[in-house]
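Colleague: With the sequence up front, the predicted model follows.
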Amino acid sequence: MSDSPGYQGFFAELKRRKVFKVAAVYGAVAFGVLQAADILVPAMELPDSVVRVIALLLILGFPVALVLAWAFETTPEGVRRTTEAAPGEITEIVTAPAGRRWPSGLLALAGTVMLVVGGWLALASRGDGADGTAEASVALPEDERPSIAVLPFGNLSGDPANQPFTDGIHGDIILQLSKIGSLKVISRTSVQEYRSPTKSVPEIADELGVGHVLEGEVQRAGDQFRINVQLIDSDTDAHMWSEQYGGELTVANIFSTQSEIATAITDALRATLTQQERAAIARLPTEDLEAYETYTAAMEYFRSSYSEANFRAADLLASQAIERDSSFAEAYALRAATGSMLYWFFFERSDSAAEASYALARRALELQPGLAEGHWALAHWYYRTKLDYDRALEEIDLALRTGPTDAEMEELAGSVLRRKGDMESAVLRYKRAHELDPRSTVAAFSVGETLTLLRQYEEAETWLKDAIEIRPDFGLPYMYLANVRMRSEGDTAGARAWLERKRDLGLIDDQHDLTLRDLYLWAGFPDAALDELRAGPVDSGNQFQFTPATTISGRAWLLRGDTVRARAAFDSARVQLEALLAADPTEPRYRSALGIALAGLGRAEEAIREGREGVRLMPPAVEAWRGTYRVLDLARIYAMTGRTDDAVDQLAYLLSIPSEISVWDLRIDPMWEPLRGNARFEELARIGSIERKGPPESEAR
């Protein structure tokens, strides 16, 4: 191998065979590839495991490259095995001046070091979390993370016109901190009531369940701004850190300041800030200050209510933000989510509206690949327009990797899981949302609402009362408390008290849920139901059902024994529903409602056909909550048309899965009067379960 003995001869042979050169070039190129992968993989929305695989392949390929360099050489005739050294060739290399011998070895060493460092950084910075998808800091258990609440900032200028700017700074800092997975950050909703606190910091922290509180003040004067912030340890009420920031009033300066504040707080709490999180909090969404302020106002409308008016306002303001900055990705995402909500709540139910929402979400991700808000908007779209729950959950996971871990995202996950039929997991996600936003009435209400479907009425009642305590002007908890009273104990008086309390407070929902007229029918008081109808003959419509006011009066007249007026009412309902179906023939609510109207007219075969079609269009297997309403309507049709065993089978199925009804429905509701005396029905009403004679209609068809 060598005509020069010892290690010098060996290193000379390595140089002759160009092994040093290959090591230097390989290490430098590998380091560059790893740096590029570290940037491109997150941008292309690929999992972090891709970077790990690339790093492992490059490390394993290094010795292979060195062996190949030793064994083969490139010649004008092609690649061939390396020839033996010519006489004196090794001696010439060894005896050459150091300036000619050392550089190649040093370059090889540098290349090796670059490969090792690049590989170590790629592997060490991507340790799997508990779910194998997030960075290690994100995987810390909630109770091990430093926790913080950011109290509403004071408006130092004293000018009410600057309050929205102050509130915007406050909300943005919460959002930035929420992007840091190693922190537990209380959502904005829960801190709003401490705008003018009368309690001490330790008392506030105890109520919110946090170990630290951030206070601040904002001043806006002309084209300048100033922000003062201080971090307080809630146990000792001692200041841990404080700083003053300011400068020219530009979006770039504001976001730079917010990023500095988030980084400083992370350092003060000795939390971990990953490279990806650092990039996320430093990103500038727009350079147009007016566009950004318009967008934040739109988000306020989106989050504050499920009303059509709020969604319309959010859409309008987000559109104005886009008009000012056509590259504002977050504004496109907000418009997309708003469109999906309008579709979901039947405010704008059309294929074109759904397609427009999808296009807006995709545009957001085209402008900013990997944008958390873009994946959030797509999650809404898959869930609310396509009922594709698995894809929606995938989008939520993608959003959580790069965006804030906040109550809103947890609530969305809970809602998707609930419609998928995994009620227990939905409750857990809603409870997690409540931990992040303990003063959110929506989170508390959602827990109680879902527990009613699981028939865990006692715990549900506690959560629903908590929701009212947080926000007494939110109407839905009152309706659900009436529901709980009815279905847990058959307590019609208690249910009526909650509904009257809601009405006395003037709380009217955009969509009509359980009302006094429904309660009167359920309890068998047709005269009272008719009186309610005369006061307000409004159709009952929401995402779950559509019941014409004439159907309700038809049922009331049947209870009165006035079949002539009942038939007239049911026929009016038939005419109305047939017109609605002519315009929208695939709407399952209309099919079920038409079936009930036809059953009231004695047209049994047609009624059953429509009821079955309603179930086919929306079975529980497709939508675990809304689908139960279609099965319940079919059971009503069977009962009205004398198909007793079929009706009992549907009711037994509903009582075997999460749904709105309980045994008290069977015991009290006069709708089931035709089934009374049937042994199977009486057993079902007594114990809540029987052996069914056949599969549920949704499976049989």
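Modeller: In hand now; what should we look at?

Colleague: Please count neighbours and contacts with C-alpha atoms only from this point.
Modeller: Noted.

Colleague: Name the helix or strand for residue 460, please.
Modeller: Here residue 460, judged by DSSP states H and E, is contained in helix 457-470.

Colleague: pLDDT below threshold where in the stretch 351-500 of the chain?
Modeller: Across the stretch 351-500 of the chain, the ranges flagged by pLDDT under 70 are 405.

Colleague: and the angle for the helix or strand just after the helix holding residue 460 with helix 457-470?
Modeller: Using DSSP H and E, the next helix or strand after helix 457-470 towards the C-terminus is helix 476-489. Here helix 476-489 points in a direction 160 degrees away from that of helix 457-470 (axes from the mean of the first three to the mean of the last three CA atoms, to 10 degrees).

Colleague: And the contacts of helix 476-489?
Modeller: 445, 449, 452, 455, 457, 460-461, 464-465, 467-468, 491-492, 494-499, 501-502, 509, 513-515, 661-665 (CA atoms under 8 Å, 6 or more residues apart in numbering).

Colleague: Keep only those of the residues you listed that are in strands.
Modeller: Taking DSSP state E, every one of the contacts of helix 476-489 sits outside strands.

Colleague: From the residues you listed, list the buried ones, please.
Modeller: Among those, those classed as buried by 16 or more other CA atoms under 10 Å are 445, 449, 452, 455, 457, 460-461, 464-465, 467-468, 491-492, 494-499, 502, 513-515, 661-665.

Colleague: helices or strands next to the helix holding residue 460 in the packing?
Modeller: helix 441-453, helix 476-489 (3 or more CA pairs under 8 Å, 6 or more residues apart in numbering; DSSP states H and E).

Colleague: Nearest to residue 586, out of these?
Modeller: Minimum separation from residue 586 across those (CA to CA) falls at helix 441-453, 26.4 Å.

Colleague: what angle sits between the closest one and helix 476-489?
Modeller: Per the same axes, to 10 degrees, the angle that helix 441-453 makes with helix 476-489 is 20 degrees.

Colleague: Go ahead and name everything in contact with helix 441-453.
Modeller: So helix 441-453 is contacted by 407, 411, 418, 423, 426-427, 430-431, 433-434, 437, 457, 459-464, 466-468, 470-471, 474, 477, 480, 484, 658-660 (CA under 8 Å, 6+ apart).

Colleague: how about the strands of the stretch 151-300 of the chain, start to end?
Modeller: For the stretch 151-300 of the chain, the strands defined by DSSP state E, counting those that start in this stretch cover 154-155, 184-185, 212-221, 224-233, 238-248.

Colleague: Mind listing residues that contact the fourth one?
Modeller: If you take CA under 8 Å, 6+ apart as the criterion, strand 224-233 is touched by 211-220, 238-249, 265.

Colleague: mind redoing it with 6 Å?
Modeller: Strand 224-233 has contacts (CA atoms under 6 Å, 6 or more residues apart in numbering) with 212-219, 238-249.

Colleague: Please spell out the PyMOL selection for the buried subset of those.
Modeller: To isolate the buried members of the contacts of strand 224-233 in PyMOL, using 16+ other CA under 10 Å:
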select buried, resi 212+213+214+215+216+217+218+219+242+245+246+249
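
Colleague: Which among the strands of the stretch 151-300 of the chain is found nearest to residue 563?
Modeller: Smallest distance to residue 563 across the strands of the stretch 151-300 of the chain (CA to CA): 61.2 Å, for strand 184-185.
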